[in-house]
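**Q** sequence unknown, structure follows:
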């Protein structure tokens with residue numbers, strides 16, 4: 001089946017099998033089966049219990065002589081069901097909780113953690129942290145975040161949508177997803193299964209500067225992986241969707257059909273030709289380029305002088321039409337956050353504008369090491385996105401390629417953050433004359449990240465919003481391909 005025919009068949013199959021993922025996923029108002037409370041009431045009660053744990057820990061830290069302290073308290077629960085060949089393979093339930101406490105005696109610090117919320121256990125954890133702090137060396141960069149930078153307003157980003165998912169319902173969803181994948185093409189001969197997962201929880205960050213910030217969130221997903229074969233050649237691929245609200249998930253049978261289409265597309269793979277070619281990164285792997293940028297401009301690598309982008313703030317890294325920006329306050333987003341892991345208020349900002357690196361990714365400790373100010377990135381970035389340079393997407397980019405590669409899978413992690421050297425195994429498709437000719441495998445794409453950034457020709461409007469790192473198709477003008 002040609003790529004075009006496979007895409008058409010997938011569209012028809014999706015239309016025929018589309019169904020909502022969960023008619024019961026009404027956010028925030030569904031009764032808790034154990035207590036009769038609504039999920040909103042249950043979450044508020046959980047917040048009160050977590051706040052009480054934090055207060056005990058902070059009071060104990062003060063009583064122990066600590067000059068400052070901070071705590072993270074969280075509790076989450078979830079379920080995951082995997083079906084393989086229409087039979088339940090695994091069922092996992094989790095209910096986790098934990099308290100992390102860090103105390104400061106001047107510029108000395110110590111940390112401890114416990115999963116026991118009993119007052120005596122909290123007290124022992126604080127005492128352990130204090131004992132550790134008294135044995136450590138002073139570090140002038142230690143300490144809480146600047147109180148003037150802490151969040152004071154806490155708008156609801158709509159991140160919390162518990163899904164009262166029962167095992168029978170999860171099994172039915174997974175079974176339908178897998179069945180759609182297996183039915184997509186007779187060459188799909190086996191399955192690695194379909195999985196439905198749902199998790200939700202509440203976290204609190206609090207410190208001795210009277211900051212209290214709650215983060216309620218949920219995360220739901222449906223995924224499927226199958227195997228196809230022609231003769232002795234076998235290929236496997238998968239597809240998935242994930243969302244804060246189960247009602248926003250793609251229909252499970254559509255996810256299964258896409259897993260089937262992607263798997264069949266890989267059949268007949270050949271080796272890529274060695275040479276230098278344009279390389280087009282599919283949106284599902286394009287986000288890795290953002291990941292390498294974030295690593296290189298993160299405070300830890302910078303103050304350790306372990307980055308090829310050391311002292312590059314203000315430098316032209318990309319062509320002048322490239323913008324990479326954080327959007328922490330997007331509703332229902334994967335990386336939504338009002339404050340970072342130290343309570344510092346977040347705000348939209350450009351990491352790269354007009355191709356120029358405008359700043360770094362810093363928490364308070366790294367910022368002090370570099371004589372800079374925190375960028376509210378304790379714990380990572382928040383919805384970092386590379387903006388489209390065109391209204392085109394993957395199909396239009398392919399149509400404009402005379403000869404090159406589309407990369408849909410990256411293998412291994414051959415990236416050196418110190419030098420910027422890049423070399424990764426890949427799977428994808430050979431393009432010639434503006435059309436995909438056949439799948440390709442067993443090849444490596446290589447270059448240097450500095451050159452790759454400069455050669456980033458275009459970014460597509462087909463942005464994948466499922467991740468905290470958000471990118472559409474990314475076209476690199478030229479990379480070295482090592483294959484046949």
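**A** Right, received. Where do you want to start? Because the structure is predicted, anything quoted here is derived from the model rather than measured. Numbering: from 1, shown residues only.
**Q** from residue 222, how far out is the closest residue to residue 83 other than its chain neighbours?
**A** Nearest non-adjacent residue to residue 83, counting by CB to CB, 6 or more residues apart in numbering: residue 174, 3.9 Å away. Every C-beta, even on glycine, is put in place using the N, C-alpha and C of the backbone. Distance of residue 174 to residue 222, given as CB to CB, to the nearest Å: 7 Å.
**Q** quickly list what's touching both of those two.
**A** 194, 195, 196, 252 (CB atoms under 8 Å, 6 or more residues apart in numbering).
**Q** which stretches of the stretch 1-150 of the chain have low pLDDT?
**A** Per-residue confidence for the stretch 1-150 of the chain (pLDDT under 70) gives these ranges: 1-39.
**Q** can you give me the helices in the stretch 1-150 of the chain?
**A** With DSSP state H, counting those that start in this stretch as the criterion, the stretch 1-150 of the chain has helices at 3-17, 39-63, 119-135.
**Q** from the chain's centroid, how far away is the longest one?
**A** This points to helix 39-63. Here helix 39-63 shows a centroid-to-chain-centroid distance of 28 Å under the convention CA atoms, centre = their mean, to the nearest Å.
**Q** contacts for it next, please.
**A** So helix 39-63 is in contact with 28-30, 32, 35, 37, 69, 71, 73-75, 99, 101, 103, 117, 119, 122-123, 125-127, 129-130, 160, 162, 164, 202-204, 206-208, 212, 214, 216, going by CB under 8 Å, 6+ apart.
**Q** which is the succeeding secondary structure element to the one helix or strand residue 294 maps to?
**A** Assigned by DSSP states H and E, residue 294 belongs to helix 283-296. Toward the C-terminus, helix 283-296 is succeeded by helix 299-303 as the next helix or strand (DSSP H and E).
**Q** out of the shared contacts of residue 174 and residue 222, which are inside strands?
**A** 194, 195, 196 (DSSP state E).
**Q** any idea which of those is closest to residue 182?
**A** residue 194 (9.8 Å; CB to CB).
**Q** so what's the closest one scoring on pLDDT?
**A** The model reports residue 194 with a pLDDT of 98.
**Q** residue 422 versus that one, what's the distance?
**A** Distance from residue 194 to residue 422, by CB to CB: 34 Å.
**Q** neighbour count: the two, which is higher?
**A** residue 194 (33 against 20; other CB atoms under 10 Å).
**Q** that one pairs with what?
**A** When bridges are called by DSSP bridges, residue 194 pairs up with residue 83, residue 224.
**Q** so how far is residue 443 from it?
**A** 30 Å.
**Q** now residue 212, nearest residue through space, not along the chain?
**A** Counting by CB to CB, 6+ apart, the residue nearest residue 212 is residue 206, at 4.9 Å.
**Q** burial count for that neighbour?
**A** 23.
**Q** bridged to it, which residues?
**A** The partner residues for residue 206, given DSSP bridges, come to residue 71, residue 212.
**Q** can you map out the strands along the stretch 351-484 of the chain?
**A** In the stretch 351-484 of the chain, the strands defined using DSSP state E, counting those that start in this stretch lie at 356-357, 384-386, 403-411, 421-432, 435-448, 456-459, 469-470, 474-482.
**Q** quick one on the thing from earlier: by neighbours, which of the shared contacts of residue 174 and residue 222 wins?
**A** residue 194 (33 neighbours).
**Q** quick one: that one and residue 239 touch, right?
**A** No. Look at residue 194 against residue 239 with CB atoms under 8 Å: they stay out of range, at 10.1 Å.
**Q** before we move on, the earlier item: ChimeraX command for the buried members of the contacts of helix 39-63?
**A** Per 16 or more other CB atoms under 10 Å, the buried members of the contacts of helix 39-63 correspond to this ChimeraX selection:
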select :28,30,32,69,71,73,74,75,99,101,103,117,122,123,125,126,129,130,160,162,164,202,203,204,206,207,208,214,216
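**Q** put together a markdown table for the helices of the stretch 1-150 of the chain, with distance to residue 330 on each row.
**A** Shown next, in a markdown table, are these (distance: least, CB to CB, whole Å):
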| stretch | distance to residue 330 |
| --- | --- |
| helix 3-17 | 27 |
| helix 39-63 | 21 |
| helix 119-135 | 35 |
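**Q** pLDDT at residue 230, what is it?
**A** Reading off the model, residue 230 has pLDDT 81.
**Q** look up how far residue 302 lies from the nearest residue to it once chain neighbours are set aside.
**A** Closest residue in space to residue 230, ignoring its immediate chain neighbours: residue 267 at 5.1 Å, by CB to CB, 6+ apart. Applying CB to CB, the value for residue 267 to residue 302 is 45 Å.
**Q** quick one: which of those two has more around it?
**A** Each of residue 267 and residue 302 has its neighbours counted (other CB under 10 Å); residue 302 has more, 23 against 20.
**Q** give me the distance between the two termini of stretch 349-368.
**A** The stretch stretch 349-368 measures 20 Å between its terminal residues, going by CA to CA, to the nearest Å.
**Q** quick one: mean pLDDT over that stretch.
**A** On average, stretch 349-368 scores 98.
**Q** same check on stretch 448-456?
**A** 98.
**Q** stretch 319-332 now?
**A** In the prediction, stretch 319-332 has an average pLDDT of 98.
**Q** residues contacting it, please?
**A** 155, 157-159, 243-245, 248, 290, 293, 318, 333, 335-338, 346-356, 376, 381-387, 389, 454, 456-457, 459.
**Q** one step back: farthest-apart pair in the shared contacts of residue 174 and residue 222, please.
**A** 195 and 252 (10.8 Å).
**Q** give me the common contacts of those two.
**A** Common neighbours of residue 195 and residue 252 (CB under 8 Å, 6+ apart) are 174, 222.
**Q** what are the buried residues along stretch 43-57?
**A** 43, 46, 47, 50, 53, 54, 56, 57.
**Q** could those residues be laid out in CSV, adding distance to residue 64?
**A** Listed next are these as CSV, based on distance: CB to CB, whole Å:
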residue, distance to residue 64
43, 32
46, 27
47, 26
50, 21
53, 17
54, 16
56, 12
57, 11
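**Q** which of these lies closest to residue 284?
**A** Nearest to residue 284 among those, with distances taken as CB to CB, is residue 43, at 32.4 Å.
**Q** gap between that closest one and residue 78?
**A** Taking CB to CB, one finds residue 43 at 15 Å from residue 78.
**Q** from the chain's centroid, how far away is stretch 434-445?
**A** Distance, centroid of stretch 434-445 to centroid of chain: 27 Å (CA atoms, centre = their mean).
**Q** again with stretch 282-290
**A** 11 Å.
**Q** contacting residues around it?
**A** With CB under 8 Å, 6+ apart as the criterion, stretch 282-290 contacts 281, 324, 384, 386, 394, 406-410, 428, 452, 456, 459-460, 462-464, 467, 469-474.
**Q** of these, select the buried ones using a PyMOL command.
**A** To isolate in PyMOL the members of these that are buried, counting by 16+ other CB under 10 Å, one can use:
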select buried, resi 281+324+384+386+394+406+407+408+409+410+428+452+456+459+460+462+463+464+467+469+470+471+472+473+474
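**Q** so who does residue 272 touch?
**A** 405, 428, 430, 440, 441, 442, 443, 481, 483, 484 are the contacts of residue 272 under CB under 8 Å, 6+ apart.
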